[in-house]
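Trainee: this one's structure only:
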């Protein structure tokens with residue numbers, strides 16, 4: 001049986017990008033100079049931070065850097081793992097969901113955001129943030145910035161606001177498929193690129209054949225990627241159930 005979303009398959013994606021001449025940039029580096037043939041590896045650490053540690057080690061072994069966005073909730077926030085990922089040379093950012101956690105109260109959410117940002121900044125000088133989609137919530141965490149300005153807090157960028165997607169192709173594994181529009185409530189962008197990706201093997205083929213644009217952001221959720229059969233199968237089943245719930249909510 002050919003399995004997708006294994007850590008071995010992720011390593012093959014990295015190898016294909018390297019062999020195709022992509023420069024690896026953190027989100028911070030890209031925002032400072034958005035040019036050249038480059039790829040941002042963005043990792044949303046929703047849960048299972050040990051999986052993110054494995055990704056970080058693989059990338060470090062290949063002398064590349066990426067960006068890890070950590071939530072503040074216990075299933076994501078693990079100071080020891082965050083410190084190890086930082087020591088491997090990666091960028092850490094805040095995967096914020098304060099408006100959802102505060103039930104839509106903007107003032108409380110902004111106070112919560114600042115407290116949580118300071119908490120992360122005790123571990124790393126965070127300058128990039130990225131919203132957590134909170135797909136089952138009625139609150140879009142990005143709405144917080146309709147009232148407040150994150151740049152006043154020393155933040156240089158948020159990928160849903162500060163990247164020109166007419167120049168950069170965004171690829172995400174939300175829903176455990178690539179650019180799965182049916183279940184991506186909020187993890188989507190207005191893009192000028194219309195490319196379907198059927199599987200990770202297909203993604204690798206597109207990279208190897210030079211069929212992707214020169215600038216990419218590949219967003220993964222490392223908990224979805226497992227080599228062991230038990231964890232791999234559990235994640236597959238859980239994600240299928242989640243996708244059905246999302247599809248049902250979308251039809252309402």
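Mentor: Arrived safely. No experiment lies behind these values; they were computed from the predicted model shown.

Trainee: looking at this, residue 204 is in a strand?
Mentor: No - if the criterion is DSSP: H, G, I helix; E, B strand; the rest coil, then residue 204 is helix and not within a strand.

Trainee: Tell me the spacing between it and residue 5.
Mentor: Look at residue 204 and residue 5: by C-beta to C-beta, to the nearest Å, they are 13 Å apart. From N, CA and C alone the C-beta is placed, and that goes for glycine too.

Trainee: next one: residue 233
Mentor: From residue 233 to residue 5 the distance is 11 Å (C-beta to C-beta).

Trainee: So for those two, which residue has more residues nearby?
Mentor: More neighbours surround residue 5 than the other of residue 233 and residue 5, with 21 against 12 (other C-beta atoms under 10 Å).

Trainee: quick one: contacts for the more buried one?
Mentor: 173, 176, 200, 224, 225, 226, 232, 235, 236 (C-beta atoms under 8 Å, 6 or more residues apart in numbering).

Trainee: do that again at 10 Å, thanks
Mentor: Going by C-beta atoms under 10 Å, 6 or more residues apart in numbering, residue 5 touches 173, 176-177, 199-200, 220-221, 224-227, 232, 235-236, 239.

Trainee: Then residue 34?
Mentor: Neighbour list for residue 34: 25, 40, 162, 163, 164, 167, 168, 215 [criterion: C-beta under 10 Å, 6+ apart].

Trainee: what sits against the residue lying closest to residue 59 once chain neighbours are set aside?
Mentor: Ranked by C-beta to C-beta, 6 or more residues apart in numbering and with sequence neighbours excluded, the top spatial neighbour of residue 59 is residue 66, at 5.4 Å. By C-beta under 10 Å, 6+ apart, residue 66 lies in contact with 14, 24-27, 39-43, 52, 55-56, 58-60, 85, 88-91, 218, 220.

Trainee: likewise residue 103?
Mentor: Neighbour list for residue 103: 109, 137, 138, 139 [criterion: C-beta under 10 Å, 6+ apart].

Trainee: mind running it again at 7 Å?
Mentor: Residue 103 makes contact with no residue under the criterion C-beta atoms under 7 Å, 6 or more residues apart in numbering.

Trainee: Repeat that for residue 156.
Mentor: Applying C-beta under 7 Å, 6+ apart to residue 156 gives the contacts 28, 31, 127, 128.

Trainee: For residue 191, give me phi and psi.
Mentor: Backbone geometry at residue 191, expressed as degrees, to the nearest 10, gives phi -120, psi 150.

Trainee: you'd agree it is up against residue 164?
Mentor: No - using C-beta atoms under 7 Å as the test, residue 191 is too far from residue 164 to be in contact (10.2 Å).

Trainee: Which of those two has more residues huddled nearby?
Mentor: Set side by side, residue 191 and residue 164 show more neighbours around residue 191, with 16 against 9, by other C-beta under 10 Å.

Trainee: Nearest spatial neighbour of that one, chain-adjacent residues omitted?
Mentor: Nearest-residue entry for residue 191: residue 165, 4.6 Å, with adjacent residues in sequence omitted and distances by C-beta to C-beta, 6+ apart.

Trainee: Flag every buried residue along stretch 120-129.
Mentor: Applying a neighbour-count criterion of 16 or more other C-beta atoms under 10 Å, the buried positions in stretch 120-129 are 120, 123, 124, 126, 127, 128, 129.

Trainee: coming back round to it: counting neighbours, what do you get for the residue nearest to residue 191?
Mentor: The burial count for residue 165: 17, using other C-beta under 10 Å.

Trainee: ok so it is a strand residue?
Mentor: No - using three-state DSSP, the secondary structure at residue 165 is coil, not a strand.

Trainee: Give the full set of residues in contact with it.
Mentor: Applying C-beta under 7 Å, 6+ apart, one finds that residue 165 lies in contact with 189, 190, 191.
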